[in-house]
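S.K.: could you work out the structure for the sequence below:
(2 chains)
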2 protein chains.
Amino acid sequence: MAQEIRVGILGFGIVGCGTYQVLVDNAEQIARVVGAPVRVARVADVDWTRERPVDLPADLRSTDGLALCSAPDVDVVVETIGGIKPAREFVIAAVEAGKSVVTSNKELMAKYGTEILEAAARQGVDVQFEGAAGGAIPIVRALKESLAACRIDEVLGIVNGTTNYILTRMTEEGLAFADVLAQAQALGYAEQDPTADVDGIDAANKLAILGAVAFGGRVPVEAIYREGIRDISPVDLTYARRVGKVVKLLAIGKRAGERVEVRVHPAMLPQAHPLASVNGVFNAIFVKGPECDEVMLYGRGAGSLPTGAAVAGDVADCARNIVAGARGRIPCRCEGEAQVVPMAEIESSLYVRTQVLDRPGVMGAMATEFGREQVSIGAVIQESTDGKVAEIVWILHSAPEGHLQKALEKIKGLEVVVEVSSVIRVLE
Amino acid sequence: MAQEIRVGILGFGIVGCGTYQVLVDNAEQIARVVGAPVRVARVADVDWTRERPVDLPADLRSTDGLALCSAPDVDVVVETIGGIKPAREFVIAAVEAGKSVVTSNKELMAKYGTEILEAAARQGVDVQFEGAAGGAIPIVRALKESLAACRIDEVLGIVNGTTNYILTRMTEEGLAFADVLAQAQALGYAEQDPTADVDGIDAANKLAILGAVAFGGRVPVEAIYREGIRDISPVDLTYARRVGKVVKLLAIGKRAGERVEVRVHPAMLPQAHPLASVNGVFNAIFVKGPECDEVMLYGRGAGSLPTGAAVAGDVADCARNIVAGARGRIPCRCEGEAQVVPMAEIESSLYVRTQVLDRPGVMGAMATEFGREQVSIGAVIQESTDGKVAEIVWILHSAPEGHLQKALEKIKGLEVVVEVSSVIRVLE
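M.R.: Residues are numbered from 1 along each chain as shown, chains lettered A, B, ... in the order given. Down below sits the predicted model:
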């Protein structure tokens, strides 16, 4: 057996504790598969007064993260602090000190992945981030290694457990968004400030990472179009079921010639799509290409042990590279920045639910406006009416977003249209 | 860029052609991610008269597989011949000649994996076999690397596309096994001799590979209990639906203390189980453990390009190891042979469909026999009867297989029991 590999953990919160637990509980197995013992040598956190689910020997604790990053008794630095400050500074310091780094920090990798990976390439060390894109789902390694020889044309992900939990309960129980959110907050499935989840920010960070790995070009997170799930109503989910679909918050990356489409928004998926039966807090990432065809990876996208397991798997890989003298074996291979297709150029099919005055000629007036923008109608559902206001649902065939949005503006302007209640993109 | 990596392909059939096509079509991408060009230098096959979907330059062709294995202008040998002879001899020869090897040959790895991997360890070369266990599904790398730090307690796989296609059509269309098989043969989805697929032999080979990788102990393929799908009737699939289940041919591996359970048989799965919605020729492997929780990988388990993509991914990984000077970076880490639990000791829950004489006291007589073997009854369905023979379906609670089989023998011996028409294990 080779000499032991020493791990330093930055941040002893949910993921840090999970990582520590996996490394300690499975130390024997990890030593066997790595070919060297892997031991946690140091843990740094600013607050040691909090209650934690694991028992950490006092002599491993410190409050000086920066010192850990260059400590001579640390070979692999694990960053589970989250956020940008001080995680970015620490990770760069660790890389500059010649340490391999494992991070579960999606915001950091989405925003500063280039800086970090370029520094790693200069230093010839590993920076691994499996836990940052899909928790326990082994998607990063699948894309970088198993599917390395394939062309990937499409990545569709349910990459946020909170929103998938909310949509699943809304679908199954007919509950309103606000009610499920409140319950999810009470259960600890949603943050008190749910913005990052329900507005798709978390999903966009993960898409930036997945898009770069899948398409080989860096995806600026600010270029990702983003819509959350706050406006989804249970009525929409019922209509979706009637047309054989389910609504999911999707992170979508697609090749479009030399450019890429990257966007996060709710979408109606066919019930037979592999992603359609991914429910509750589970996540899944669906990948498509001409050679591998359809591949989907499913699992827990968050949580102490699942994310800890992904981080510990990356630690094992960094350790193997140290044992084999092969640090930096798989550097970042992105070729500059991906060109992102502007949203107005993307082709979408839309579900549009409208409230209109219950008068003759209304449907004709609306259909005419759609036609003027070259938008053709796939289906129309009109049912209940209270005699004054009727609900009409339109399914619009695929057309450029620019045309669709213009058509919707005109529809909203019609005197007979009370409101456009919701608009959801439809995937075939 | 490093010096080019030269590939020799043994066998230019379905997978060999697919591998060649992926390596040629995506040569630019592969060179970028590997950091060195990867070029097919030689292809050996015994028959060059067959029509093939790809155009192979004449100067790459040869008929001497053994010569390819030790050719000085080959760095990585790809074996896609299938079967044992001459694949085993060739692979050993390539390893002994110091080549890294990639194989998609499940029978070879299931039966001679130990011999091959031990030779590879001695020579310090890579032997990779992602395409042998699940086609394009990146399960081997997930288990060996991404989930390397996790304990895996359970592997459930739909690992045979032919049987999944047959069961899916039987379920959806109420067709009989023989009719769907005949159609599948006509469409080329099933072999003219379907034994390896429908009797679970192919699935058992894959389970031997997956079990070894998941549990860290070699699984002798002959120790795997095996039952195929020939006896499944559409009636059983209808009953399954009534009790909220679907029938799939599963490859099951489970830790049981220090031992493992390994078996291939049809099973009724809850409709909400992630594997339940895997339909048609698609495969999926579901993994469970205390840290990663539930992880499922889904995709095409066979086919020229999907398996070729997996093989080419392994070639890229071997090439990366050569570039990094890290061949043999992840050797086999199995600790001897796994102890397999005898089938009689396994706990199962059973669905049992019986035909009985339509007389008073029959159900009591049967229930009494079950009780005598400590088998308790979860549910009973009796409906139609022609006045002479009644069909009774029993769902038996979990009990040791030994007891269950003894109870079934006794039931069959009852004068009032015309036949036990089918027995299918039920998973919760």
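S.K.: switch to C-alpha atoms for all contacts and neighbour counts from now on
M.R.: OK.
S.K.: who are the packing partners of the longest helix belonging to chain A?
M.R.: For chain A, the helix with the greatest residue count under DSSP state H is helix A:304-323. Using 3 or more Cα pairs under 8 Å, 6 or more residues apart in numbering or on different chains; DSSP states H and E, the elements in contact with helix A:304-323 are helix A:14-25, helix A:27-34, strand A:76-79, strand A:100-103, helix A:130-134.
S.K.: what about the nearest residue to A:G65 once chain neighbours are set aside, distance to B:G336?
M.R.: If the residues on either side of it in the chain are set aside, A:G65 comes closest to A:A44, at 5.2 Å by Cα to Cα, 6 or more residues apart in numbering or on different chains. Per Cα to Cα, to the nearest Å, A:A44 is found 40 Å from B:G336.
S.K.: residues of the lowest-mean-pLDDT helix or strand in chain A that come out buried?
M.R.: Across the helices and strands of chain A, mean pLDDT, DSSP states H and E gives its lowest value to strand A:377-385, namely a mean of 88. Of all the residues in strand A:377-385, those buried under the rule 16 or more other Cα atoms under 10 Å in any protein chain shown are A:I377.
S.K.: picking up where we left off before, now do the same contact list for the residue nearest to A:G65.
M.R.: A:A44 sits next to A:8-12, A:61-65, A:68 when contact means Cα atoms under 8 Å, 6 or more residues apart in numbering or on different chains.
S.K.: nearest to B:R241, of the residues you listed?
M.R.: A:F12 (47.1 Å; Cα to Cα).
S.K.: ramachandran coordinates for that closest one?
M.R.: phi -120, psi 60 (degrees, to the nearest 10).
S.K.: nearest residue to it other than its sequence neighbours?
M.R.: Excluding its sequence neighbours, the residue lying closest to A:F12 (Cα to Cα, 6+ apart) is A:D45, at 5.8 Å.
S.K.: and what of A:G387?
M.R.: A:D358 (6.1 Å).
S.K.: residues contacting that neighbour?
M.R.: A:385, A:387-390.
S.K.: just A:A71 next, same as before
M.R.: A:A71 touches nothing, counting by Cα under 8 Å, 6+ apart.
S.K.: re earlier: what subset of the contacts of A:D358 is buried?
M.R.: The buried subset of the contacts of A:D358 - by 16+ other Cα under 10 Å - is A:389-390.
S.K.: flag every residue of the stretch 251-400 of chain A that's near chain B.
M.R.: A:274, A:277-278, A:291-300, A:305-310, A:312-314, A:316-317, A:320-321, A:324-326, A:329-330, A:333 (Cα under 8 Å from any Cα of the partner chain).
S.K.: now for the nearest residue to A:R329 once chain neighbours are set aside, how many residues are close by?
M.R.: Nearest residue to A:R329 in three dimensions, chain neighbours excluded: B:A324, at 5.9 Å (Cα to Cα, 6+ apart). B:A324 has 21 neighbouring residues, counting by other Cα atoms under 10 Å in any protein chain shown.
S.K.: same question for the one 5 residues further on.
M.R.: The burial count assigned to B:R329 is 23, neighbours taken as other Cα under 10 Å.
S.K.: need phi/psi at it.
M.R.: phi -60, psi -40.
S.K.: show the contacting residues for it.
M.R.: The contact partners of B:R329, by Cα under 8 Å, 6+ apart, come to A:320-321, A:324, B:126, B:321.
S.K.: for A:A93, same thing?
M.R.: For A:A93, the contact set (Cα under 8 Å, 6+ apart) comprises A:66, A:69-70.
S.K.: residues of the host helix or strand of it that come out buried?
M.R.: If you go by DSSP states H and E, A:A93 is part of helix A:87-96. Under the neighbour-count criterion of 16+ other Cα under 10 Å, helix A:87-96 has A:87-88, A:90-96 buried.
S.K.: show me the contacts for the residue lying closest to A:S233 once chain neighbours are set aside.
M.R.: Once flanking residues are discounted, A:S233 sits nearest to A:A176: 6.3 Å by Cα to Cα, 6+ apart. By Cα under 8 Å, 6+ apart, the residues touching A:A176 are A:170, A:233-234.
S.K.: would you mind measuring from A:A176 to chain B?
M.R.: Using Cα to the nearest Cα, to the nearest Å, A:A176 is found at 24 Å from chain B.
S.K.: ok, back up a step: out of the buried residues of helix A:87-96, flag the one nearest to chain B.
M.R.: Closest approach between these and chain B, by Cα to the nearest Cα: A:V95, at 19.3 Å.
S.K.: report the secondary structure state of the nearest residue to that closest one once chain neighbours are set aside.
M.R.: Once flanking residues are discounted, A:V95 sits nearest to A:A120: 5.9 Å by Cα to Cα, 6+ apart. Under DSSP: H, G, I helix; E, B strand; the rest coil, the three-state class of A:A120 is helix.
S.K.: now for the least confident helix or strand of chain A, which elements pack on it?
M.R.: strand A:389-400.
S.K.: one more pass at 10 Å, please.
M.R.: If contacts are counted by 3 or more Cα pairs under 10 Å, 6 or more residues apart in numbering or on different chains; DSSP states H and E, strand A:377-385 sits against strand A:347-357, helix A:362-372, strand A:389-400.
S.K.: do you know how far A:K111 is from A:L250?
M.R.: Looking at A:K111 against A:L250, where the rule is Cα to Cα, the gap reads 20 Å.
S.K.: the more surrounded of the two?
M.R.: Between A:K111 and A:L250, counted using other Cα under 10 Å, the more crowded position is A:L250 (28 against 19).
S.K.: how far away is the more buried one from chain B?
M.R.: For A:L250 relative to chain B (Cα to the nearest Cα), the value is 18 Å.
S.K.: that residue touches A:K206, doesn't it?
M.R.: No - taking contacts as Cα atoms under 10 Å, A:L250 lies outside contact range of A:K206: 11.2 Å.
S.K.: joint contacts of the two?
M.R.: A:157, A:159-160, A:200 (Cα atoms under 10 Å, 6 or more residues apart in numbering or on different chains).
S.K.: and those residues, which are buried?
M.R.: In these, the ones that pass as buried (16+ other Cα under 10 Å) are A:157, A:159-160, A:200.
S.K.: which ones among those map onto strands?
M.R.: A:G157 (DSSP state E).
S.K.: hmm, back to that, dihedrals phi and psi, the residue nearest to A:G65?
M.R.: Taking degrees, to the nearest 10 as the convention, A:A44 sits at phi -120, psi 130.
S.K.: the residue nearest to A:V95 contacts A:I92, correct?
M.R.: Yes - between A:A120 and A:I92 there is a contact at 8.5 Å, judged by Cα under 10 Å.
S.K.: overlap in contacts, the two.
M.R.: A:98-99, A:101.
S.K.: which of those tops the neighbour count?
M.R.: Of the shared contacts of A:A120 and A:I92, with other Cα under 10 Å as the count, A:K99 tops at 30 neighbours.
S.K.: the residue nearest to A:R329 is in contact with A:P331, isn't it?
M.R.: No - between B:A324 and A:P331 there is no contact under Cα under 10 Å: 11.1 Å.
S.K.: residues that sit against both of the two, list them.
M.R.: B:34-35.
S.K.: so who does the nearest residue to A:P342 once chain neighbours are set aside touch?
M.R.: The spatial neighbour of A:P342 that comes closest, neighbours along the chain excluded (Cα to Cα, 6+ apart), is A:E261 at 7.9 Å. Listed by Cα under 10 Å, 6+ apart, the contact partners of A:E261 are A:154, A:211, A:219, A:223-225, A:252-255, A:338-343, A:345-346.
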